[in-house]
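> Give me a model of this one.
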Amino acid sequence: MRNKLDWRQAVVSHAEEIADEVKLLEFAVEGNVPRFDPGSHSNFRVSLGSGEAIRTYSCLPAAPGHIRIAVKRHDNSRGGSRFMWTLEPGKTIALTIPENRFELAWRAPYYLLMAGGIGITPIYGMALALQQRGIPFRLVYGGRTRGVMAFADGLESQLPDQVVVHAGDAGQRIDVAAEIANLPADGELYVCGPIAMLNSVKAAWQAAGRPMGRLRYEVFGDSGLYAEAPFQVAVQGLDRTVDVRADQTLLEALLGAGVEMIYDCQRGECGLCAVEVISHDAPIDHRDVFFSEAEKADGKRMCACVSRLADGQAVIDVGYRA
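Sure thing, here's the model as predicted:
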């Protein structure tokens, strides 16, 4: 792992539904909480019907000693959000001190921030930080409906000249190519949202001839084309078959079965946990931003931390050699 995780006990100090299907949770954390920058995230140990798992959520600006997150309820996902929605003031949970893999570079003279749905959580803090430092930026925020868009009203009132909200139920949609075209040549783009949105932004950025070093993005791992379902993998060379539950990732299942794996981000970004797919009898639901569209279509590799089979079985190679 990139960092040694600092696990702490925390007590829920505030819980509030701030938008349709979005709940704000604030935690009073045991011990000192170091200052963290926008884009940081914390890991949470959640209880599922089949056991415990770790889920990751972006951190919002919070008072000293506290961590705040916003959780979108996904009733058909791996179960982490359903557990988080049961949390009320006074309940305890184990979490990690925030770490940051989506930090602002603070080097550009202008920033374009783009968010889709609950992807606003890391972007929200970035907008406030840029405003405080007086750095020019534009925030473009899209969502399925106005009702599900957390912080939309507050952002529009706080930052009326920098924030543009596009609600799908009002017939509005982000024009990604136009936003990139209007970004100064030395500007940077930071985006967080579902996988389809990130793929669209990456394609438009490359089509515009922009340097990839000035595009930063973050994806959430439950953003797939298929609802989570159980599947099975046979690990080549180990004579081992592993069942993957609907509420766990392939990586979690492999580690739980004693298969040694190399991994880091667990967000589909670094590619360290990628496995070779020898054969499969169901579609691969690629949820990463590491592989290109051509590589995903080829279907020969997948990121074990976020991607999965729609169902069925696969034979994989994790690199083990006798």
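> remind me which residues of this structure are low pLDDT?
The chain contains residues with pLDDT under 70 at 1-3, 49-50, 76-79, 220-223.
> By residue count, tell me the biggest strand in this structure.
Looking across the chain with DSSP state E, the single longest strand is strand 7-19.
> Next secondary structure after the helix or strand residue 253 falls within?
Take DSSP states H and E as the rule and residue 253 turns out to sit in helix 250-256. Per DSSP H and E, helix 250-256 leads on to strand 274-280 as the next helix or strand towards the C-terminus.
> List the buried residues in the helix or strand hosting residue 132.
Using DSSP H and E, residue 132 maps to helix 120-133. Judged by neighbour count (16 or more other CB atoms under 10 Å), helix 120-133 contains these buried residues: 120, 121, 122, 123, 124, 125, 126, 127, 128, 129, 130. No exception for glycine: its C-beta is placed from N, CA and C like everyone else's.
> Check stretch 273-285 too.
Buried residues in stretch 273-285, defined by neighbour count with 16+ other CB under 10 Å: 273, 274, 275, 277, 280, 284, 285.
> hmm, back to that, note down every partner strand of the helix or strand just after the helix holding residue 132 and its orientation.
Using DSSP H and E, the next helix or strand after helix 120-133 towards the C-terminus is strand 137-143. Here strand 137-143 is paired, per DSSP bridges, with strand 111-116 (parallel), strand 163-167 (parallel).
> now the helices: where do they sit in the chain?
For the chain, the helices defined by DSSP state H occupy 80-84, 120-133, 152-158, 176-182, 195-207, 250-256, 293-298.
> and residue 112, which of these is closest to it?
For residue 112, the closest of the helices of the chain is helix 176-182, at 6.2 Å, according to CB to CB.
> The closest one packs against which elements?
The elements that helix 176-182 packs onto, with contact taken as 3 or more CB pairs under 8 Å, 6 or more residues apart in numbering; DSSP states H and E, are strand 111-116, helix 195-207.
> one more time with 7 Å, if that's ok
Counting contacts by 3 or more CB pairs under 7 Å, 6 or more residues apart in numbering; DSSP states H and E, helix 176-182 packs against helix 195-207.
> Between strand 137-143 and the helix it packs on, find me the angle.
When axes from the mean of the first three to the mean of the last three CA atoms, to 10 degrees is applied, the directions of helix 195-207 and strand 137-143 differ by 140 degrees.
> Quick check: buried residues in helix 195-207?
Those would be 195, 197, 198, 199, 200, 201, 202, 204, 205, for helix 195-207 by 16+ other CB under 10 Å.
> Please name the nearest non-neighbouring residue to residue 92.
The shortest distance from residue 92 to any non-neighbouring residue, by CB to CB, 6 or more residues apart in numbering, is to residue 11 (5.4 Å).
> ok now do the one you found, which residues does it touch?
Taking CB atoms under 7 Å, 6 or more residues apart in numbering, we find residue 11 in contact with 27, 28, 90, 92.
> about what we covered before: adding distance to residue 86 and mean neighbour count as columns, could you present the strands paired with strand 137-143 in CSV?
Listed next are those as CSV, based on distance: least, CB to CB, whole Å; neighbours: other CB atoms under 10 Å:
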stretch, distance to residue 86, mean neighbour count
strand 111-116, 26, 25
strand 163-167, 29, 18
